[in-house]
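>>> sharing a sequence plus its predicted fold:
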Amino acid sequence: MSETLERAPAEAASARPASSSRLSGRAALVTGGGSGLGAATAQVLAEAGMHVAIGDVADGRVATADLISKDGGSSIPLHLDVTDSVSAHDGIVAILERFGRLDVLVNNAGVDRTASFEELSIADWDRILAVNLRGPVVMTQAALPALRASGHGHIVNIASTAAKRAWENASAYHATKWGLLGLSHALHTEGRRVGVKVTAVVAGGMRTPFLLERFPDLDPGLLQDPRNVAETIRFVLDQPAETVIPELTVLPMRETSWP
């Protein structure tokens, strides 16, 4: 078995009560699943009866798997570097060995550096583009054969209001999220021909470490619970086979980065 598949806690084998969701019994990979929106999404999908692989380079992937297991869900933590095609391939192999299928890929992993364009180094640009834009390409190419084979393949790309408008000190992040939104729509046009759905989720500000650790003065009341966005992802995935949602936006009521 691939070395990227880490030993799941013993509780992971416990059966979760049957779910009436269309998603029950299907398998998902959530990148950046160790914290924030990724962790919330992994938990929500597990609650829907899915087997969930939590891919991350951070140790939080194990803690997320522990939480799911304690709740009776099915999950595995994967050490996964979305910028590395070998890591991506090994991760998909591990999921297929463990669950026998892969139905959903959630491209959620993301990084940023808050700095002006002049302050950003080429190394900063390379790192941000590698994770936020190249990463979804690497992961999609690795996962697509399994997604096609499942008969229920669905790719969810986590975009941002940063893909719709711009603000200062985030040029690299904007470039990646605008690019990811374009990539998502391009994949949607091609995916339909092979029975794979593609959705871009344009998420507004969330109460996650991604924002709160970098902006400690930010009013949490302006943000939304990441679980709300995770529930939206579940809604998208739970649509009938004949329906696809190419893009949708989910915002906190007091979103300040949106007109």
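On my side now, so go ahead.

>>> all strands for this protein, in order.
Listed in chain order, the strands of the chain (DSSP state E) span 27-31, 51-56, 74-79, 104-107, 154-160, 197-203, 247-250.

>>> export those to JSON lines and tack on mean neighbour count, mean pLDDT and distance to residue 214?
Any C-beta I mention is one placed from the backbone N, CA and C, and that applies to glycine too. What follows is the strands of the chain, written out as JSON lines (neighbours: other CB atoms under 10 Å; pLDDT from 0 to 100; distance: least, CB to CB, whole Å):
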{"stretch": "strand 27-31", "mean neighbour count": "30", "mean pLDDT": "98", "distance to residue 214": "20"}
{"stretch": "strand 51-56", "mean neighbour count": "30", "mean pLDDT": "98", "distance to residue 214": "18"}
{"stretch": "strand 74-79", "mean neighbour count": "26", "mean pLDDT": "97", "distance to residue 214": "25"}
{"stretch": "strand 104-107", "mean neighbour count": "28", "mean pLDDT": "98", "distance to residue 214": "21"}
{"stretch": "strand 154-160", "mean neighbour count": "25", "mean pLDDT": "97", "distance to residue 214": "14"}
{"stretch": "strand 197-203", "mean neighbour count": "25", "mean pLDDT": "97", "distance to residue 214": "16"}
{"stretch": "strand 247-250", "mean neighbour count": "17", "mean pLDDT": "96", "distance to residue 214": "21"}
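
>>> using TSV, lay out the ones you listed together with distance to residue 189.
Putting the strands of the chain into TSV (distance: least, CB to CB, whole Å) gives the following:
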stretch	distance to residue 189
strand 27-31	23
strand 51-56	26
strand 74-79	30
strand 104-107	17
strand 154-160	13
strand 197-203	9
strand 247-250	13
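
>>> neighbours of the spatially closest residue to residue 196 that is not a sequence neighbour, how many?
Spatial nearest neighbour of residue 196, chain neighbours left out: residue 153 (3.8 Å); criterion: CB to CB, 6 or more residues apart in numbering. For residue 153, the neighbour count with other CB atoms under 10 Å is 22.

>>> quick check: the gap between residue 153 and residue 71.
26 Å (CB to CB, to the nearest Å).

>>> kindly report the same for residue 40.
Distance, residue 40 to residue 71, using CB to CB: 13 Å.

>>> so for the two, which sits in the more crowded spot?
Shown here are residue 40 and residue 71; by other CB under 10 Å, residue 40 has more neighbours (24 against 14).

>>> which residues touch the more buried one?
225-227, 229-230 (CB atoms under 8 Å, 6 or more residues apart in numbering).

>>> please repeat the previous calculation with a cut-off of 10 Å.
By CB atoms under 10 Å, 6 or more residues apart in numbering, the residues touching residue 40 are 30, 33, 64, 108, 206, 208, 225-231, 233.

>>> surely residue 110 meets residue 176?
Yes - using CB atoms under 10 Å, residue 110 makes contact with residue 176 at a distance of 7.8 Å.

>>> give the residues shared as contacts by the two.
Joint contacts of residue 110 and residue 176 (CB under 10 Å, 6+ apart) are 128, 131-133, 135-136, 159-160, 162.

>>> where does the chain dip in pLDDT?
1-20, 257-259 (pLDDT under 70).

>>> which residue is nearest the middle of it?
residue 108 (2.8 Å; CA atoms, centre = their mean).

>>> surely that one is in contact with residue 233?
Yes - here residue 108 reaches residue 233: they are 9.0 Å apart, a contact under CB under 10 Å.

>>> before we move on, the earlier item: out of residue 110 and residue 176, which sits in the busier spot?
Between residue 110 and residue 176, residue 176 has the larger neighbour count (other CB under 10 Å), namely 29 against 26.
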